[in-house]
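# Sequence first, predicted model second:
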Amino acid sequence: MRSIALLNPQPGVGKTTLAAHLAHACTATGRRVVLLDLDPAGALAPTLGLFRTPARGLAQLLSSDADAGGLSTAVIQTRELLCFVP
């Protein structure tokens, strides 16, 4: 398993676009990918074609009021081999 983090404090430098394209390239070669969107703006969901805000996301899981269920309650299967956690 590999982990790749894309970060830069400046907005508009292409982090979201690069993450989406990199995920697509990895799934095209048969790799399973889980994208975690840690950006407060949450721009990755619309990039993946998800226009409804999911009820649960990483922020709720990490908060002190997170209920039972864990990560599996926030994972969205967007297509084969690609999952997304908003």
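Perfect, I can see it now.
# model confidence over the longest helix belonging to the chain, on average?
If you go by DSSP state H, the chain has its longest helix at helix 15-28. For helix 15-28, mean pLDDT rounds to 94.
# Return the set of buried residues in it.
Within helix 15-28, the residues scored as buried using 16 or more other Cβ atoms under 10 Å are 15-16, 19-20, 23, 26-27. The C-beta positions use only the backbone N, C-alpha and C, and glycine is treated the same way.
# from the residues you listed, which single one is nearest residue 58?
residue 19 (14.1 Å; Cβ to Cβ).
# doesn't residue 8 make contact with that closest one?
No: using Cβ atoms under 8 Å, residue 19 is not in contact with residue 8; the gap is 11.6 Å.
# Please, where are all the helices along this protein?
Listed in chain order (using DSSP H), the helices of the chain are 15-28, 44-47, 58-62.
# and residue 80, which of those is closest to it?
helix 15-28 (7.4 Å).
# now for that closest one, which elements pack on it?
Here helix 15-28 touches strand 33-36, helix 44-47, strand 82-85, going by 3 or more Cβ pairs under 8 Å, 6 or more residues apart in numbering; DSSP states H and E.
# Ranking the ones you listed by mean neighbour count, which comes first?
Compared across the helices and strands packed on helix 15-28, strand 82-85 shows the largest average neighbour count, a mean of 20 (mean count of other Cβ atoms under 10 Å).
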